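K.L.:
sequence and predicted structure, then a few things I'm wondering about:
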Protein chains: 2
Amino acid sequence: MRNIPEYMVIVEKGLADLHFPDRPKELYDPLRYILTLGGKRMRPVLLLMAHELFGGKAENALPQAIAIELFHNFSLIHDDIMDNAPLRRGKKTVHEKWNSNVGILSGDAMLVIAYQQMSKCAADKLPEVVRVFNRTAIEVCEGQQYDMEFETRDDVSIEEYINMIALKTSVLLGGALEIGAILANANKKDAEHLNEFGKNLGIAFQLQDDLLDAYGDPDKFGKKVGGDIVANKKTYLVLKALKDADANQNKELQQLIQSGTIPEETKIRQVLELFNALSIPEKTRMAMDEYYAKSIHHLNAISLDASKKAPLEKLAESLMVREH
Amino acid sequence: MRNIPEYMVIVEKGLADLHFPDRPKELYDPLRYILTLGGKRMRPVLLLMAHELFGGKAENALPQAIAIELFHNFSLIHDDIMDNAPLRRGKKTVHEKWNSNVGILSGDAMLVIAYQQMSKCAADKLPEVVRVFNRTAIEVCEGQQYDMEFETRDDVSIEEYINMIALKTSVLLGGALEIGAILANANKKDAEHLNEFGKNLGIAFQLQDDLLDAYGDPDKFGKKVGGDIVANKKTYLVLKALKDADANQNKELQQLIQSGTIPEETKIRQVLELFNALSIPEKTRMAMDEYYAKSIHHLNAISLDASKKAPLEKLAESLMVREH
């Protein structure tokens, strides 16, 4: 297996080689635009790594890697409309730069082009590749719907939350890995284990993201620490705190969440004090570790030499920040 | 070949047999809702007719017929948001009954489910079926984009207009027929001729729709006669009139279009007088006849006995209203 920067170069070249038609301009310009905003290209890189893990050559799975990145960007365009987000990677979102209609329709076109790229594989692989891609795509839609629904519900369970983050973000990592494996003739069991590796790793990563938002080192964490608390986001930390709190603590937390008058810094401090009293950081870490362990368990279950799988295990480790 | 009502029954049964998951409710309820609003199911019926034309059995192409209807409904949900349309078949549109976000996301899910249904075919047919479906889907997106773009442009040519209506509505008729043919082992040329039959018939039908909107019998035409004129829609009639008008007529027509003060009935009457002076109804009928003739030419070119193709020719004839 090559190293990650090499895979990234392959992906960037694949994206640069995509040629969208010139017209209609407002259909294709937004696609060119969002793809130049950059990003880590984690999903297509995972697909290529999975492909080479089972003896394939990255270049032969490039259309499918590009397809996964196009699908991801389709979901970003539409999610940004739904979330009313003005910025994406520091630049205007598509619906801000153009308008909502342009965002809806160019997103639709990007989804169709993702299918076009996904279909560029050997005929004998197509049914399985399309099956996994379809299933993954519908799950991502379900995840986004649950995410929106949870904003207006105050009885979201931890189980429901984990299911939501799994659908919204993790299944696409798993699907990318599974498709890469299928294209390299991996057997069904191995391909599914690799999917579960990615899915559980994604859940662990998302839980870590929740934790870092509240407890991260401001110098290392990209976003403002405490942002989720200020925005009243229903993270794992809040849901776990509400579940484990006694009656008084629960009341206090509800008041902090509902109050619109407490200054931001005070709110963050008081919520963190409650989290600490309830050992929420430790409990979140335990949940993270559990999903990380599941992830590694599935990686280990793949019928290949451990040495071959080492780069994926190293990648998984590197995603888990240990210093906070 | 069976008769059209029989194909409609098969399609309705196929739609009724679709089982969307119960949750998330706001993702799947809109899909159940829009599918119960009815409609002529023309696209899936054409797919099944094409399939039986080449010796297939309708039931074997049912998932693909359903896929075409799902795709059509996906485009209705998203177009209705973009066009800000409150009603669809006399009932609230999805974004009116729920909200825009629900419309965007449930539309996305419907597109993915269309791909799921489309993929339910013999493995050896899948590459070709998906190729035609992808191409058709991207063309429909392009058509909708041109349609929106034309609203704010005043230099739309007749050629551009025909291209727009072909993309927005006719390629899906052609694509449905071609996929039905492919699934019944039609040769590539025949399948493409059948596509062209549907595409040109669709253009003729759309031109007729433009004509009937201005000249139809109010008792027979479903919509209010003159509605396009009142809404300043850039129909074939208007574009042809602007093209053929002399300087004075052009100025008069522009004034009628731009004025916001002329009463509706006066505006309709004066525009129709101009159309009549320029022989626009006759010219529109000529364009219609031209596309209709192209359509029949492609039907005739298919390497099957004329008797087998008779039901499709009869269907085409029945779509062309002759009495106005």
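P.N.:
All right, it came through fine. Bear in mind that the values here come from a model prediction, so they are computed numbers and not experimental data.

K.L.:
from here on, just use CA atoms for contacts and neighbour counts.
P.N.:
Will do.

K.L.:
flag every buried residue along stretch A:207-223.
P.N.:
By 16 or more other Cα atoms under 10 Å in any protein chain shown, the buried positions in stretch A:207-223 come out as A:207, A:208, A:209, A:210, A:211, A:212, A:213, A:214, A:215, A:216.

K.L.:
can you tell me the closest non-neighbouring residue to the second one?
P.N.:
So the one you mean is residue A:208. In this structure, residue A:208 finds its nearest non-sequential neighbour in residue A:288, 6.6 Å apart by Cα to Cα, 6 or more residues apart in numbering or on different chains.

K.L.:
what helices or strands is the helix or strand where that neighbour lies leaning on?
P.N.:
Element membership for residue A:288, per DSSP states H and E: helix A:280-300. Counting contacts by 3 or more Cα pairs under 8 Å, 6 or more residues apart in numbering or on different chains; DSSP states H and E, helix A:280-300 packs against helix A:188-215, helix A:236-244, helix A:306-319.

K.L.:
swap in 6 Å and give it another go.
P.N.:
When contacts are defined as 3 or more Cα pairs under 6 Å, 6 or more residues apart in numbering or on different chains; DSSP states H and E, helix A:280-300 packs onto helix A:188-215.

K.L.:
what's the average pLDDT for the helix it packs on?
P.N.:
Mean pLDDT, helix A:188-215: 97.

K.L.:
which strands or helices does it pack on?
P.N.:
Under the contact rule (3+ Cα pairs under 6 Å, 6+ apart), helix A:188-215 is packed against helix A:171-183, helix A:280-300.

K.L.:
burial count for residue A:307?
P.N.:
8 (other Cα atoms under 10 Å in any protein chain shown).

K.L.:
nope, residue A:200 is what I was after
P.N.:
Number of residues near residue A:200 (other Cα under 10 Å) recorded here: 26.

K.L.:
I'd say it and residue A:289 touch.
P.N.:
No: using Cα atoms under 6 Å, residue A:200 is not in contact with residue A:289; the gap is 10.3 Å.

K.L.:
for the residue sitting furthest away from the middle of chain A, give its distance to residue A:263.
P.N.:
Largest separation from the mean C-alpha position in chain A: residue A:248, at 35.5 Å (Cα atoms, centre = their mean). For residue A:248, the distance to residue A:263 (Cα to Cα, to the nearest Å) stands at 22 Å.

K.L.:
try residue A:175
P.N.:
43 Å.

K.L.:
who has more neighbours, the two?
P.N.:
Neighbours per residue, other Cα under 10 Å: of residue A:175 and residue A:263, the larger number sits with residue A:175, 29 against 10.

K.L.:
can you pull the contacts of that one?
P.N.:
residue A:195 (Cα atoms under 6 Å, 6 or more residues apart in numbering or on different chains).

K.L.:
apply 7 Å and report the result again.
P.N.:
For residue A:175, the contacting residues are A:132, A:133, A:136, A:195, by Cα atoms under 7 Å, 6 or more residues apart in numbering or on different chains.

K.L.:
before we move on, the earlier item: name the residues of the helix holding residue A:288 that come out as buried.
P.N.:
For helix A:280-300, by 16+ other Cα under 10 Å, it's A:280-281, A:284, A:287-289, A:291-296, A:298-300.

K.L.:
just stretch A:84-93 next, same as before
P.N.:
Applying 16+ other Cα under 10 Å to stretch A:84-93 flags residue A:93 as buried.

K.L.:
could I get stretch A:72-84 in PDB with only the CA atoms?
P.N.:
Taking Å, rounded to 0.1, in the frame of the first residue of the first chain, the C-alpha atoms of stretch A:72-84 are listed here in PDB:
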ATOM      1  CA  HIS A  72     -20.000  13.500  -0.500                       C
ATOM      2  CA  ASN A  73     -20.000  16.900  -2.100                       C
ATOM      3  CA  PHE A  74     -23.600  16.400  -3.300                       C
ATOM      4  CA  SER A  75     -24.600  15.900   0.300                       C
ATOM      5  CA  LEU A  76     -22.600  18.900   1.400                       C
ATOM      6  CA  ILE A  77     -24.300  21.200  -1.100                       C
ATOM      7  CA  HIS A  78     -27.800  20.000  -0.100                       C
ATOM      8  CA  ASP A  79     -27.000  19.900   3.700                       C
ATOM      9  CA  ASP A  80     -25.700  23.400   3.600                       C
ATOM     10  CA  ILE A  81     -29.000  24.600   2.100                       C
ATOM     11  CA  MET A  82     -31.000  22.700   4.800                       C
ATOM     12  CA  ASP A  83     -28.700  23.900   7.600                       C
ATOM     13  CA  ASN A  84     -28.700  27.500   6.200                       C
END
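
K.L.:
just the buried residues of it, please?
P.N.:
In stretch A:72-84, counting by 16+ other Cα under 10 Å, buried: A:72, A:73, A:74, A:75, A:76, A:77, A:78, A:79, A:80, A:81, A:82.

K.L.:
before we move on, what about stretch A:46-62?
P.N.:
A:46-58, A:60-62.

K.L.:
for stretch A:302-309, same thing?
P.N.:
Buried residues in stretch A:302-309 (16+ other Cα under 10 Å): A:302, A:309.

K.L.:
give the rounded mean pLDDT of it.
P.N.:
Here the average pLDDT along stretch A:302-309 is 97.

K.L.:
start to end distance for it?
P.N.:
First-to-last residue span, stretch A:302-309, Cα to Cα: 9 Å.

K.L.:
same check, this time on stretch A:46-65
P.N.:
End-to-end distance (Cα to Cα), stretch A:46-65: 8 Å.

K.L.:
which residues are contacting that stretch?
P.N.:
A:1, A:14, A:44, A:117-118, A:120, A:176-177, A:179-181, A:183-184, A:186, A:308.

K.L.:
show the buried residues in those.
P.N.:
Counted by 16+ other Cα under 10 Å, the contacts of stretch A:46-65 give A:1, A:44, A:117-118, A:120, A:176-177, A:179-181, A:183-184, A:186 as buried.

K.L.:
so which of those residues comes closest to residue A:31?
P.N.:
Distance to residue A:31, by Cα to Cα, is smallest for residue A:117 among the buried ones among the contacts of stretch A:46-65, at 14.5 Å.

K.L.:
tell me the contacts of that closest one?
P.N.:
Contacts of residue A:117 (Cα under 7 Å, 6+ apart): A:63, A:64, A:66, A:67.

K.L.:
which of the three states applies to it?
P.N.:
helix (DSSP: H, G, I helix; E, B strand; the rest coil).

K.L.:
how is chain A divided into domains?
P.N.:
A:1-144, A:187-324 (automatic domain parsing).

K.L.:
export those to TSV and tack on distance to residue B:90?
P.N.:
Output for the domains of chain A, formatted as TSV (distance: least, Cα to Cα, whole Å):
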stretch	distance to residue B:90
domain A:1-144	23
domain A:187-324	39
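
K.L.:
could you tell me the least trusted of those?
P.N.:
Of all the domains of chain A, domain A:187-324 has the smallest average pLDDT, which comes to a mean of 93.

K.L.:
now that domain, how far from the chain's geometric center?
P.N.:
13 Å (Cα atoms, centre = their mean, to the nearest Å).

K.L.:
out of the buried residues of stretch A:207-223, which comes closest to residue A:108?
P.N.:
residue A:209 (29.2 Å).

K.L.:
no further queries at this time; thank you.
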